[in-house]
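K.L.:
dropping a prediction and its sequence here:
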Amino acid sequence: MSETSRMPATIQHAMQSGLSIGLLLSLDVVLSSLTSTWSRVLHVLIEAYIIVRAYRYAKSYRDEELGGSIRVFQSFAYTLNVFFYASLIAALFSVIYYKYLSPDYLPSVLEQLRPVYEKLFAGNPNYTPELLESILTPQTMAMSQIMVQSMIGMLLGLLYAPFLKSSRPDVQ
């Protein structure tokens, strides 16, 4: 493979990191749909691990690809890329999970939310029960997951930047 057709190391590194975080987010989708106490505890632990793991990936990117120094925008962009690729993987899994593996989960959530929404929008003439059904579909859940995870990536990218600033002393 020639040097000119090579994918930038930033994107390649973010894709590889996003794969493992995407698999963790996929596991998190399953755990968040379960109701046992242990699944809730594991759900919280996995989310905490994702935050720590993303920091370690950003640190690894800084050290391996950038030679130990990273700017705020690079931290932001890298972490956003990681979470974007991870969210694509998790979104694909969530469509499969909500549509084929656990098709009764979203209808049960819909039935729990229906009384709340009917009270909330009682005076709104534009509200119909079909509107709520169109919102809670596997596809809309996947799209919202991409948006939310990307926003989390942006926030974490900004939060990680001061901690990742530099690990090497200036050489004179």
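P.N.:
Arrived safely, thanks for sending.

K.L.:
neighbours of the residue nearest to residue 113 when sequence neighbours are not counted, how many?
P.N.:
Using Cβ to Cβ, 6 or more residues apart in numbering and skipping residues adjacent in sequence, the residue nearest residue 113 is residue 132, 6.9 Å away. From N, CA and C alone the C-beta is placed, and that goes for glycine too. Around residue 132 there are 16 other residues, counting by other Cβ atoms under 10 Å.

K.L.:
same question, residue 75
P.N.:
25.

K.L.:
and if you look at residue 17?
P.N.:
24.

K.L.:
ok, now which ones touch it?
P.N.:
Applying Cβ atoms under 8 Å, 6 or more residues apart in numbering to residue 17 gives the contacts 54, 57, 60-61, 82, 85-86.

K.L.:
how much space separates the residue nearest to residue 113 from residue 106?
P.N.:
11 Å (Cβ to Cβ, to the nearest Å).

K.L.:
what does residue 140 give?
P.N.:
Residue 140 is 10 Å from residue 106, by Cβ to Cβ.

K.L.:
equivalent analysis for residue 17, please.
P.N.:
30 Å.

K.L.:
ok, residue 25 next?
P.N.:
Residue 25 is 18 Å from residue 106, by Cβ to Cβ.

K.L.:
residues contacting the residue sitting nearest the centre point of the chain?
P.N.:
Central residue of the chain (Cα atoms, centre = their mean): residue 149, 3.1 Å from the mean position. Applying Cβ under 8 Å, 6+ apart to residue 149 gives the contacts 25, 83-84, 86-87, 90.

K.L.:
so how far is the helix or strand hosting it off the chain centroid?
P.N.:
Residue 149 is part of helix 138-164 when elements are defined by DSSP states H and E. The gap between where helix 138-164 is centred and where its chain is centred comes out at 5 Å by Cα atoms, centre = their mean, to the nearest Å.

K.L.:
buried residues in it, which are they?
P.N.:
138, 141-142, 145-146, 149-150, 152-154, 156-157, 160-161, 164 (16 or more other Cβ atoms under 10 Å).

K.L.:
relative to helix 138-164, how tilted is the longest helix seen in the chain?
P.N.:
Scanning the chain for the helix with the most residues, using DSSP state H, yields helix 37-65. Direction vectors for helix 37-65 and helix 138-164, defined by axes from the mean of the first three to the mean of the last three Cα atoms, to 10 degrees, enclose an angle of 50 degrees.

K.L.:
and helix 37-65, what does it pack against?
P.N.:
Secondary-structure packing of helix 37-65 (3 or more Cβ pairs under 8 Å, 6 or more residues apart in numbering; DSSP states H and E): helix 9-33, helix 72-96, helix 138-164.
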